[in-house]
Structure formats: C-alpha cells, structure tokens
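[1] sequence and predicted structure are below.
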Amino acid sequence: MLQGLFMTLQVLLAVIGVYQFGFALFGLYKKKKEKSFEPQKSFAILVAAHNEEQVIGALMENLKHLRYPRELYDVFVICDNCTDKTADIVREHGWNACVRVNPNLRGKGYAIEWMLEELWKLDREYDGIVMLDADNLAHPDFLIGMNNDLCQGAKVIQGYIDTKNPDDSWITAAYGISYWYINRLWQLSRHNLKMANFLGGTGMCFDNKLLQEMGWGATSLVEDLEFTMRCVKRGVYPKFNYHAKIYDEKPLTFKASAVQRLRWMQGHFTVARKYFFPLLWQSIRDRSLVKFDMALYAVNVYIVLLTLMLTVVLYGDIVLFDGPHLLTMYDYMPLWVAAVAIIAQVAVFFIAMFLEKVKSWKVYAYILLFPIYLLSWFPITFYAFFTQNNKQWSHTKHTRVVRIDEMHSERGQA
C-alpha cells in the first residue's frame with residue numbers, strides 16, 4: 001500500500017512537471033510589436049513605502065522622465081508608518097506624499113487599501129491605477145504599454161519585472177535568472193495562449209472602475225497572488241505586457257532573501273487554502289483550462305512541500321533502513337528518460353537567459369551557485385508550512401541606489 005501511494009504521488013508530480021514544461025514551450029515565441037495607441041488614459045501611480053529614504057529619490061526622479069504626457073499621470077507615495085525622511089524626499093521632487101500611521105494594520109496590502117480609499121475621495125478620477133515598489137525603476141515607455149492594454153480592454157495588467165541589480169551577488173543573480181525564466185517561459189507563454197497571468201506585486205496596472213467595483217480586499221502577506229485569485233474567480237484574467245518593464249531591487253544576502261521568501265511561502269499557503277478548491281471546482285464546472293491552471297499555481301507551494309517529503313522518504317529509506325525498499329517510477333523506465341528529465345529541468349533556465357539576451361559574465365559565473373538557491377526553497381517552504389499562520393509583515397530593506405540611465409548604459413539599452 002505504501003509503495004502504491006509513493007508511486008502514485010511520483011506520477012502525479014511527473015505529470016505536473018510535464019504539463020508546466022509543455023506550457024513553457026509557448027514562451028519561445030515573442031511578438032516583435034504590439035498594437036499601439038495614442039496616449040489617452042490617465043494614471044495614478046501608487047508607491048508603497050516604509051522607511052525608504054535611501055532609494056525613493058531615484059524612483060521619484062525616474063518617474064519625471066516617463067515618455068508619457070505629464071498631465072496624464074500623478075504619483076502618490078504611501079509613506080506607511082515611516083520614521084525617516086521618505087515623505088520629505090517625495091515632496092522635494094514635487095510628488096504627493098500620503099502619510100499613513102497605523103501600527104496595528106501593517107503591511108503593503110493594508111497600505112494600498114487605505115490609499116485607494118483616499119484616492120477615490122479626490123475630485124479627479126483616473127482611468128488606471130499603477131502600483132510600484134519604492135525600490136523600483138520604470139522603463140520610460142512603461143505607461144505607454146499600460147495605455148495600449150487599457151485601450152484594448154484589459155482590466156488587470158502585469159508588466160515585465162526585471163532585476164535592477166543582478167550583478168551584485170550570487171543571490172541577486174539567482175533572482176535574476178528566476179525572473180527571466182518566469183517572464184519568458186511562464187508569463188509570456190500564458191499570454192501567447194490567452195490565458196490568465198499572475199500578478200507579481202509591482203509593475204501592476206488596474207482599471208480604476210474594476211477596483212472600485214471589487215475593492216482591494218487583498219491584505220495577506222502575498223497581496224498580489226491573493227488579488228490574482230480573486231480576479232480569476234470572477235472571470236477577469238490578468239494580462240502580461242512583455243514590453244512594459246520595471247526594474248526591481250533584489251536582496252543582496254542569502255539571509256535577507258530567505259526572510260523575504262519565507263514571507264512569500266507563508267502567504268502562499270494561506271492563499272492556497274482559501275482558493276485552490278474553489279478554483280478547481282470552478283474549472284471543472286466551467287470546463288475552464290484557465291481556472292485549472294491558476295488553481296494549480298495556487299497549490300504550487302504544496303507541490304514543493306510534497307516533493308521535499310517524497311525525497312526525504314526515499315533517501316531516509318536508503319540511509320536508515322539499508323534500502324532502497326521503495327521503487328521509483330524511474331525504476332520502470334530506461335535510464336535516458338531520467339537523464340532527459342533532469343536535463344530539461346536545468347535547461348529551461350539557460351534557454352530563458354539565451355532568449356532574454358543576458359550578457360553579464362558575472363551572472364553566468366554565479367550560475368554555478370544557482371542550484372543552492374533552488375534547493376533552499378525546500379527548507380524555507382517546510383518552515384513556512386509550520387508558521388503559515390504568521391501575519392507579521394517582514395520589511396525588506398532596500399539600499400541599492402541605481403539610476404535608470406546607469407542601468408541602461410550597462411546593458412546597452414536605449
């Protein structure tokens with residue numbers, strides 16, 4: 001019976017792996033041009049900030065130079081429980097510093113919910129609400145991409161999240177590799193198939209009327225994933241804009257990265273519990289591959305946990321009980337099948353880097369340590385499972401000041 005269960009779970013994980021790899025193939029194709037419209041949509045750009053005096057100035061300056069009519073966008077920085085000079089720096093750049101003090105309801109989700117209520121009290125009504133993080137930089141054409149999608153009827157849009165500092169350390173390089181893979185072989189593939197994309201926490205744009213109708217209502221540790229699930233349940237499918245880029249600062253050290261990813265996994269468990277079964281049932285009832293795909297994404301954190309448990313059981317059987325007594329699915333397959341499966345899991349990251357034209361020699365050198373980053377997800381997810389009821393927001397400190405022109409110069413971009 002144990003052998004049967006062990007084999008069944010292995011086959012299930014293998015099927016899911018093949019499913020995801022099959023989807024990744026549709027990200028190999030990229031349209032060179034998207035339909036373009038004259039600037040006509042107005043935007044409120046919301047920036048969530050908690051003690052971000054070191055990096056907020058670079059973003060405030062960056063947003064002055066977007067290639068979009070200045071009268072069609074305003075910037076509102078949510079100075080959330082700040083004790084530094086974040087608000088003063090925002091005002092020095094001529095943008096709106098919106099001070100929020102609420103020590104009981106802390107975190108980005110609560111800050112956004114508060115800001116939206118304040119925004120809707122204003123006389124001016126915007127067409128789109130853009131959300132950025134304080135450490136971000138936006139490509140000069142970012143709002144042009146959001147305008148194009150809103151003009152075509154999109155209600156929720158996710159831009160391309162690139163890494164601002166992939167060369168800084170092996171851990172920032174690992175983030176960069178992961179995000180190049182996600183953007184190209186996960187997000188773009190689903191965009192090409194006209195399926196739902198998931199939100200990434202920044203570089204997001206929302207139709208203002210949709211937000212007013214739905215309300216924000218996403219206050220978990222992963223507010224972006226939570227809102228994604230709410231949208232898909234309603235039949236509103238977020239869209240990915242490959243050409244609208246923002247650049248995000250990644251943690252410099254493994255410790256800071258582990259804290260950030262622990263928060264992500266804790267929040268992901270919460271969202272999985274709340275949305276997996278409702279979305280799975282809707283996908284069956286509506287015969288919707290889109291909703292099934294998003295349900296599978298919601299439960300991905302349990303897939304990682306299950307993979308870890310099966311691996312521990314397998315090696316525990318060998319080390320502790322002089323095994324193996326448990327057979328794996330590869331025992332019934334030719335050796336080349338196992339080799340192909342392992343190579344495919346590694347190759348997707350190299351393919352993504354090639355497709356995204358990554359040129360940094362440092363990143364290619366750091367890739368030798370990339371397996372450590374991947375393997376570290378297992379203990380982080382395991383610990384997150386037992387601490388998933390934690391609702392304490394852990395702030396990621398940002399210190400890396402990079403200007404958009406410096407970054408483009410290093411990468412040979414315009």
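    Alright, I've got the coordinates. What you see is a predicted model, and the numbers here were worked out from it, not measured in a lab.
[2] and the helices in the stretch 251-400 of the chain?
    Listed in chain order, the helices of the stretch 251-400 of the chain (DSSP state H, counting those that start in this stretch) span 254-286, 289-298, 300-320, 335-355, 361-366, 370-386.
[3] worst mean pLDDT among the ones you listed?
    Confidence, taken as mean pLDDT, is least for helix 335-355 of the helices of the stretch 251-400 of the chain (a mean of 87).
[4] quick one: end-to-end distance for stretch 195-203.
    Using C-alpha to C-alpha, to the nearest Å, the end-to-end distance of stretch 195-203 comes to 19 Å.
[5] same check, this time on stretch 26-33
    17 Å.
[6] where's the residue nearest to residue 202 when sequence neighbours are not counted relative to residue 92, distance?
    Distances taken as C-beta to C-beta, 6 or more residues apart in numbering place residue 133 nearest to residue 202, at 4.4 Å, with adjacent residues excluded. Any C-beta I mention is one placed from the backbone N, CA and C, and that applies to glycine too. Distance from residue 133 to residue 92, counting by C-beta to C-beta, to the nearest Å: 20 Å.
[7] more crowded one of those two?
    Higher neighbour count among residue 133 and residue 92: residue 133, with 21 against 12, using other C-beta atoms under 10 Å.
[8] without its sequence neighbours, what residue ends up closest to the residue positioned nearest the centre of the chain?
    In the chain, the residue lying closest to the centroid (C-alpha atoms, centre = their mean) is residue 200, at 2.9 Å. The shortest distance from residue 200 to any non-neighbouring residue, by C-beta to C-beta, 6+ apart, is to residue 161 (4.9 Å).
[9] for the helix or strand encompassing the one you found, packing partners?
    Assigned by DSSP states H and E, residue 161 belongs to strand 156-163. With contacts taken as 3 or more C-beta pairs under 8 Å, 6 or more residues apart in numbering; DSSP states H and E, strand 156-163 sits against helix 142-151, helix 170-181, strand 204-207, strand 239-248.
[10] mean confidence for it?
    97.
[11] got the buried residues for that strand?
    For strand 156-163, the neighbour count (16 or more other C-beta atoms under 10 Å) marks 156-163 as buried.
[12] let me know the closest of those to residue 305.
    Nearest to residue 305 among these is residue 161, at 25.1 Å by C-beta to C-beta.
[13] the closest one: what's it in contact with?
    179, 182-183, 200, 202-203, 245-246, 248 (C-beta atoms under 8 Å, 6 or more residues apart in numbering).
[14] reformat those residues as CSV; add distance to residue 322.
    Formatted as CSV, the contacts of residue 161 follow (distance: C-beta to C-beta, whole Å):
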residue, distance to residue 322
179, 43
182, 42
183, 46
200, 47
202, 51
203, 53
245, 54
246, 54
248, 49
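[15] how far away is the residue of the chain most remote from its centre from residue 316?
    Using C-alpha atoms, centre = their mean, the residue of the chain lying farthest from its centre is residue 322. It sits 42.5 Å away. Applying C-beta to C-beta, the value for residue 322 to residue 316 is 11 Å.
[16] which parts of the stretch 51-200 of the chain are helices?
    With DSSP H, counting those that start in this stretch as the criterion, the stretch 51-200 of the chain has helices spanning 56-63, 86-92, 108-119, 142-151, 170-181, 188-192.
[17] residue 35: which of these is closest?
    Across the helices of the stretch 51-200 of the chain, closest to residue 35 is helix 142-151 (C-beta to C-beta), at 6.4 Å.
[18] got the angle for the closest one vs strand 156-163?
    Using axes from the mean of the first three to the mean of the last three C-alpha atoms, to 10 degrees, the direction of helix 142-151 lies 150 degrees away from that of strand 156-163.
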